[in-house]
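1. Have a look at this prediction, sequence included:
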Amino acid sequence: MRIDDIRQRLAALGAKPVHVQRVLRAWAHALPLDAGAGRRGPALPQAVHEALPALAAELAGLARVHSEHPGEDGSARLLVQLADNQTVESVLLPRDGLCVSSQVGCAVGCKFCMTGRDGLLRQVGSAEIVAQVVLARARRPVKKVVFMGMGEPAHNIDNVLEAIQFLGTEGGIGHKNLVFSTVGDPRVFERLPQGPVKPALALSLHTTRADLRADLLPKAPPLSPDQLVAEAEAYARATGYPIQYQWTLIEGLNDTPEELDGIVRLLSGKYAIMNMIPYNAVPDLPYRRPAWDKAADIARQLHRRGILTKLRNSAGQDVDGGCGQLRARVIAGEAPVRVHKRRV
Ligand SMILES: C[S@@+](CC[C@H](N)C(=O)[O-])C[C@H]1O[C@@H](n2cnc3c(N)ncnc32)[C@H](O)[C@@H]1O
Ligand code: SF4
């Protein structure tokens with residue numbers, strides 16, 4: 001379901017724009033849909049008022065918690081069941097953040113990512129994206145939303161941008177606290193600068209070598225790392241927020257001295273933060289997580305060479321690392337693993 005469908009249904013019942021906004025704002029903040037109506041503004045038309053219980057039930061059915069898995073770091077991973085029983089993952093992050101999913105599955109097929117293994121199953125509608133925020137807000141405050149869960153937001157850009165625009169207005173989230181995470185796609189560089197709500201951009205770079213990137217991210221658009229950085233830099237300068245480069249650090253693959261030289265060449269002088277996230281191993285895949293000390297040394301070296309670098313663990317990794325792993329385990333009928341790893 002799209003947010004626009006809800007707007008149109010309310011309008012068909014006689015709701016004026018001010019009523020529609022009031023109902024949607026209440027929803028976005030996990031309040032009863034009639035919260036505030038008649039107190040600080042006009043009462044809702046009778047037909048709208050009468051339709052609210054059914055609408056509330058329908059919106060609640062867009063996303064339900066199938067299971068909840070608290071992590072050691074204050075995060076909690078939610079397996080979220082959509083109305084057609086498909087499931088996606090949302091992660092409640094420490095410090096009022098939320099990671100949401102934009103697709104069930106993903107067509108990019110990154111070789112190291114669990115989400116990409118079965119291809120794309122379906123798009124997540126804009127209302128279903130907001131419903132993940134509403135579910136989270138029923139549990140704790142949400143002041144930042146990152147699109148780093150399952151799926152490639154660029155492949156569902158209309159729904160994702162509709163959700164971003166809504167969250168940045170009625171949803172009350174600061175624009176730079178909405179983070180669009182992508183492998184990089186011409187549609188992103190064309191559409192993001194045009195929107196009234198401009199999110200921050202996280203670019204999953206992973207390597208500075210065009211040949212390795214084409215191999216690891218087989219269905220990502222054929223933009224070279226140099227082209228991606230040039231496009232992203234233009235967006236950073238236009239918005240005033242730095243690009244967050246994502247680098248999933250994989251042992252022996254993109255943790256080499258040549259890659260560090262490549263990063264320095266590509267990102268020196270750029271308005272950028274390099275986020276290095278050691279890989280969470282996925283069963284049956286040949287990729288390995290580097291030792292924490294080695295990852296820390298890489299981050300230090302980059303820092304010394306002038307690249308603002310942060311070494312991070314992905315949140316909730318003790319309750320099933322990279323996005324898509326929890327869903328896969330539950331589908332396979334296995335209990336989520338709990339492993340103890342060093343935290344940042
Ligand atoms: C799941 S993707 C979703 C957003 C978008 N498709 C992208 O690739 O940026 C978000 C981030 O998770 C990372 N990721 C995927 N699998 C991972 C794993 N097993 N361990 C650590 N990071 C992983 C990706 O590299 C990407 O930077
Ligand atoms: S890392 Fe992102 S783009 Fe790649 S398969 Fe996973 S979800 Fe899709």
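-> Received it, and whenever you're ready, just let me know what you need. Ligands and ions are numbered 1, 2, ... in the order given.
2. contacts and neighbour counts: CA atoms only from here.
-> OK.
3. Show me the helices in the stretch 51-200 of the chain, by range?
-> 126-137, 157-167, 186-191 (DSSP state H, counting those that start in this stretch).
4. For these, give me JSON lines that also has mean pLDDT, mean neighbour count and distance to G36.
-> Output for those, formatted as JSON lines (pLDDT from 0 to 100; neighbours: other CA atoms under 10 Å; distance: least, CA to CA, whole Å):
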{"stretch": "helix 126-137", "mean pLDDT": "98", "mean neighbour count": "25", "distance to G36": "17"}
{"stretch": "helix 157-167", "mean pLDDT": "98", "mean neighbour count": "22", "distance to G36": "19"}
{"stretch": "helix 186-191", "mean pLDDT": "98", "mean neighbour count": "15", "distance to G36": "34"}
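5. Throw these into CSV and include distance to P94, thanks.
-> Below are the helices of the stretch 51-200 of the chain laid out as CSV (distance: least, CA to CA, whole Å):
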stretch, distance to P94
helix 126-137, 12
helix 157-167, 19
helix 186-191, 28
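6. Could you export those as CSV, including distance to ligand 2?
-> Below are these laid out as CSV (distance: least, CA to the nearest ligand atom, whole Å):
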stretch, distance to ligand 2
helix 126-137, 15
helix 157-167, 13
helix 186-191, 13
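7. which one of those lies closest to L59?
-> Checking the helices of the stretch 51-200 of the chain against L59 by CA to CA gives helix 126-137 as the closest, at 7.3 Å.
8. got the residues of the stretch 1-150 of the chain near ligand 1?
-> With CA under 6 Å from any ligand atom as the criterion, the stretch 1-150 of the chain meets ligand 1 at residues 112-113, 148-150.
9. Out of these, which is nearest to T248?
-> Once CA to CA is applied, the member of these that ends up nearest T248 is F112, at 9.3 Å.
10. burial count for the residue of the chain found nearest ligand 2?
-> Residue of the chain nearest ligand 2, by CA to the nearest ligand atom: G116 (3.7 Å). G116 is flanked by 22 other residues according to other CA atoms under 10 Å.
11. can you check G174 too?
-> 16.
12. and I277, which of the three is it?
-> strand (DSSP: H, G, I helix; E, B strand; the rest coil).
13. hang on, it packs against I298?
-> No: contact criterion CA atoms under 8 Å: I277 and I298 do not qualify, at 11.5 Å.
14. which neighbours do these two share?
-> Common neighbours of I277 and I298, counting by CA atoms under 8 Å, 6 or more residues apart in numbering, are absent.
15. Count the neighbours of the spatially closest residue to T248 that is not a sequence neighbour for me.
-> Using CA to CA, 6 or more residues apart in numbering and skipping the chain neighbours, the partner closest in space to T248 is I277 (4.9 Å). Counted with other CA under 10 Å, the neighbours of I277 add up to 19.
16. list the contacts for I277?
-> 246-249, 311-314.
17. Write the ChimeraX selection for whichever of those are buried.
-> Buried members of the contacts of I277, defined by 16 or more other CA atoms under 10 Å, are picked up in ChimeraX with:
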select :246,247,248,249,311,313,314
